[in-house]
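Student: Got a sequence here, can you model it:
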Amino acid sequence: MNTAEKAMAEQLASKLSNLTPTQQVINQPPTQQVYNPTPTQQVYNPTPTQQVIYPTPIQQAINQTPMQQVLKPELLTNNPLHQLIRRDRGMMTMSDDNMMVKQIHATHAPDGREFDVRPLFQLVEGILNRATLVAEISAAQGPIEASEDGTHQGTFISWLESPSFTIDPISCEIASKSYGGGDAHATTLFIFNQLSTYSWDAKLVLTLTAFAVNYGKFWLLAQNYSSNQLAKSMAILKQLPLILEHSGPLKPRFDALNNLIKAMMDVSWCIIQFKELPLKYISQDVPALATAMTHIPTAVYWTIRSVVACATQITTLTSMGHEYWISATNEAWELSTLAHKINSILDLLKKQLDLCHQYIDEKLDAETFQKLQNLFQSVHIDNMMILRALICPKDDVLPLLEGSTKRRVNIDVLRRKNVLLLISGLSIPHDELSILEQIYNESRVSGNRMENQYEVVWIPVVDPSVVWTDAMQNRFETLQATMTWYSVYTLKQINKAVIRFIKEVWHFRNKPILVVLDPQGKVVSPNAIHMMWIWGSNAFPFTSLREEALWREETWKLELLVDGIDPTILNWVKEGKFIYLYGGTDMDWIRKFTTTAKTVASAARIPLELVYVGKSNKREQVRKCTTAITVEKLSYCWQDLAMVWFFWTRLESMMFSKIQLGMTVDVDPMLREIKKLISYDKEGGWAVLSKGSFVFVNGHSITVLPTFIQYNSWKDDVPPKGFEIACADYHNKLRSDSQPCSRFEFPSDFGKIPDNIKCPECLRIMEKYITFGCCHDEDAFNVLY
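Tutor: Numbering: from 1, shown residues only. Below is the predicted model:
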């Protein structure tokens with residue numbers, strides 16, 4: 001610089017030094033305005049270049065230029081939200097978590113006040129749910145119309161007076177720190193200090209309430225600004241029209257915010273459920289609850305900290321404009337990180353909550369089970385208390401479905417009546433159901449003396465651990481529709497304790513049982529199904545005393561085996577004919593037996609009728625044998641396989657009935673013959689030979705057929721002894737030389753299986769085995785039902 005230039009500069013500097021600061025700004029040379037601007041110039045009179053190189057903090061937020069975003073992106077971090085993000089990222093380590101837990105425990109000093117947070121939580125939930133819905137619709141469609149709100153505010157006014165002095169300062173603190181970009185951890189600790197005297201769940205709900213006040217206010221304006229002038233003016237100040245105008249690009253941010261709010265509400269509800277657990281049935285030393293209580297403070301901390309983050313998001317949106325939100329890339333990630341952390345804690349708490357509920361359910365079931373046992377040991381004036389405990393423990397007004405009309409009815413229709421509880425799974429065989437229906441309907445014939453003396457109620461039992469499916473529901477409804485007696489309206493009426501009682505006390509497995517209650521609700525028979533099969537309604541009132549009396553009237557005769565099944569056979573009995581019942585599925589033996597028996601009958605000149613009664617299982621093989629016997633005209637047989645099923649079911653019921661009454665083969669000749677016949681069925685063919693009612697031979701195929709084949713060896717005894725005695729004597733001689741093995745099978749679902757059984761042939765105690773078998777029957781029980 002030469003001498004003239006220096007003099008000129010000194011003169012200019014002298015003039016400027018005499019100017020005021022404002023004059024210095026106004027008269028500053030253009031070059032100086034660019035490279036050495038005053039603070040006031042930066043705000044009021046910035047050049048385009050200054051806006052890029054030296055933007056003020058306000059310019060960074062409100063008046064960003066495209067070049068700023070390219071040339072100086074680091075300046076965008078100088079805002080409250082990014083300060084929050086940077087500090088939050090420093091709090092995600094395990095060591096910091098441990099330090100944080102110590103800090104919040106230091107603030108926790110509950111004063112013992114009980115604070116029911118559920119009503120307040122429900123109110124907050126309604127606010128946040130509606131706000132979330134508005135946010136989603138706004139992001140998808142833009143401005144929306146106002147909707148009707150059915151919340152009854154008056155219900156909560158008096159209730160909120162007590163904690164309102166706490167909610168307001170928290171709400172203000174959250175708003176203040178959101179604007180100022182304060183430390184999120186410090187803000188969270190401030191909230192913990194404000195709520196030090198409250199329980200963990202109360203801290204959480206009160207903080208959510210404080211957040212809901214501001215968050216709900218924001219979206220309330222968004223919901224009403226298009227239809228309310230006051231809301232419109234307020235919305236303009238909050239930049240809401242611009243925000244909603246650009247709602248499409250903002251949708252990812254709203255989604256992240258909504259996901260975090262949902263996680264906050266879910267974990268809060270989970271913590272509330274822990275608080276509401278009944279201490280009568282669970283204590284703090286139960287492992288599941290102890291584990292949850294260890295993690296609840298951490299869950300509360302991160303949820304409150306997430307409240308601070310959400311509030312900062314909304315504050316940033318309204319104060320910095322939609323341009324910032326659209327250009328920023330870290331906020332959604334930060335919210336998603338918090339949501340992930342809360343959801344991880346929530347998963348752990350849910351698992352522990354499920355374990356707590358399972359523990360409580362077991363305690364409740366044990367208590368209900370004991371109450372049932374005590375109830376059945378007590379004396380009652382009627383059966384209502386017993387039936388309500390079994391069928392409608394939740395006081396269902398109409399727990400029954402009447403079979404004939406299909407109408408729901410009150411349980412009072414059973415008051416002071418004999419009630420037969422038909423207990424089964426969902427796979428009652430069609431044959432069993434049809435026979436039972438026939439017996440029941442016969443008892444309802446007009447003029448019958450036992451009409452209305454007893455009622456049947458179906459109680460279906462399904463394993464509670466089995467997942468209920470549509471197929472099972474359809475099966476239940478199908479069975480229910482076919483029944484003419486009462487049934488429970490829905491399976492959900494039967495609780496776990498009742499199912500346990502039915503299985504443990506009444507020994508139900510899968511086979512149907514018929515438990516009889518007298519008019520006072522006393523159990524007079526633990527299972528009358530056997531009486532029903534043997535004697536039908538004649539067994540009324542189905543008590544054990546009645547069962548014993550009926551057996552005293554019975555003798556070992558043919559009518560006992562076929563009564564109520566086939567009147568044709570009963571007519572032959574009256575006519576005094578020789579009647580041979582036989583069974584098995586070996587067609588070669590059947591042909592030899594029927595042919596030989598006819599030959600001997602012809603030689604002895606006796607009137608003979610042969611009846612094929614099949615086998616207790618192998619239904620399809622029995623069907624094939626029945627067809628072959630009919631085609632070849634070998635003998636009379638039952639075309640309806642339900643009759644075959646009923647024959648064997650009655651026979652097994654006779655054995656079970658006598659076992660249930662404590663009878664044994666060494667003192668009960670009738671039981672001995674019944675067990676022989678059942679055992680023969682398991683070991684091949686057999687035959688029961690009778691003359692009229694008198695049964696003179698009950699034998700296995702290995703002795704009956706040789707008896708007829710060797711007719712010439714005993715035919716000379718026929719004239720002096722009679723055919724039946726001569727035949728029986730020779731058969732007994734052969735049987736003493738070759739006795740078949742005896743075998744009985746008790747299904748695992750039979751119920752109470754006897755500890756030991758005596759052999760009907762030699763009277764020794766039989767050996768016990770565990771057997772697995774499959775006869776490939778289509779009607780086999782589905783064990784899941």
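Student: So residue 559 sits against residue 693, correct?
Tutor: Yes. With contact defined as Cβ atoms under 8 Å, residue 559 counts as touching residue 693 (5.9 Å). No exception for glycine: its C-beta is placed from N, CA and C like everyone else's.
Student: remind me which residues of the stretch 1-150 of the chain are low pLDDT?
Tutor: For the stretch 1-150 of the chain, the stretches with pLDDT under 70 are 1-96, 132-150.
Student: ok, back up a step: what touches both of residue 559 and residue 693?
Tutor: Both residue 559 and residue 693 are contacted by residue 573, under the criterion Cβ atoms under 8 Å, 6 or more residues apart in numbering.
Student: Is residue 467 in a helix, a strand, or coil?
Tutor: Here residue 467 is recorded as coil under DSSP: H, G, I helix; E, B strand; the rest coil.
Student: How many residues are close by it?
Tutor: By other Cβ atoms under 10 Å, the residues close to residue 467 number 6.
Student: try the one 4 residues further on
Tutor: The criterion is other Cβ under 10 Å. On that basis, residue 471 has 10 neighbouring residues.
Student: Could you identify the longest helix within this structure?
Tutor: helix 331-377 (DSSP state H).
Student: Please name every helix or strand in contact with that one.
Tutor: helix 80-89, helix 247-275, helix 287-320, helix 384-391, helix 496-504 (3 or more Cβ pairs under 8 Å, 6 or more residues apart in numbering; DSSP states H and E).
Student: how about those in TSV, adding distance to residue 453?
Tutor: Compiled in TSV, the helices and strands packed on helix 331-377 are given as follows (distance: least, Cβ to Cβ, whole Å):
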stretch	distance to residue 453
helix 80-89	77
helix 247-275	50
helix 287-320	52
helix 384-391	17
helix 496-504	24
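Student: Out of the ones you listed, which is closest to residue 711?
Tutor: Residue 711 lies closest to helix 496-504 among the helices and strands packed on helix 331-377, at 54.1 Å (Cβ to Cβ).
Student: quick one, phi psi at residue 514?
Tutor: For residue 514, the backbone dihedrals (degrees, to the nearest 10) come out as phi -130, psi 100.
Student: these two touch, right, it and residue 422?
Tutor: Yes. Between residue 514 and residue 422 there is a contact under Cβ under 8 Å: 5.7 Å.
Student: check contacts around the residue nearest to residue 292 when sequence neighbours are not counted.
Tutor: Closest residue to residue 292 in three dimensions, ignoring its sequence neighbours and counting by Cβ to Cβ, 6 or more residues apart in numbering: residue 352, at 4.1 Å. The contact partners of residue 352, taken as Cβ under 8 Å, 6+ apart, are 288-289, 291-292, 295.
Student: what's the answer for residue 458, then?
Tutor: Each residue near residue 458 by Cβ under 8 Å, 6+ apart is listed here: 422, 424, 479-480, 483, 485-488.
Student: Direction included, what does the strand or helix carrying it pair up with?
Tutor: Using DSSP states H and E, residue 458 sits in strand 454-460. Paired with strand 454-460 in the same sheet, following DSSP bridges, are strand 418-424 (parallel), strand 486-488 (parallel).
Student: Please identify which of those is closest to residue 641.
Tutor: In terms of Cβ to Cβ, the element of the strands paired with strand 454-460 nearest to residue 641 is strand 418-424, at 20.7 Å.
Student: Can you give me the distance of residue 336 to residue 722?
Tutor: Distance of residue 336 to residue 722, given as Cβ to Cβ, to the nearest Å: 99 Å.
Student: Kindly report the same for residue 443.
Tutor: Residue 443 sits 42 Å away from residue 722, going by Cβ to Cβ.
Student: the more surrounded of these two?
Tutor: The neighbour count for residue 443 versus residue 722, taken as other Cβ under 10 Å, is higher for residue 443 (19 against 14).
Student: Give the burial count for residue 169, as a bare number.
Tutor: If we define neighbours as other Cβ under 10 Å, then residue 169 has 13 of them.
Student: Without its sequence neighbours, what residue ends up closest to it?
Tutor: residue 194 (6.2 Å).
Student: Next, count neighbours for that neighbour.
Tutor: 19.
Student: what's residue 513 in contact with, if anything?
Tutor: The contact partners of residue 513, taken as Cβ under 8 Å, 6+ apart, are 422-424, 506-507, 526-527, 529, 751.
Student: Residue 551 against residue 658, yeah?
Tutor: Yes. Between residue 551 and residue 658 a contact is recorded at 7.2 Å, counting by Cβ under 8 Å.
Student: between these two, what contacts are shared?
Tutor: By the contact definition Cβ under 8 Å, 6+ apart, residue 551 and residue 658 are jointly contacted by residue 670.
Student: coming back round to it: the contacts of residue 458: which two are farthest apart?
Tutor: 424 and 486 (14.1 Å).
Student: right, and residue 384 touches residue 411 too?
Tutor: Yes. Counting by Cβ under 8 Å, residue 411 is a contact partner of residue 384 at 7.0 Å.
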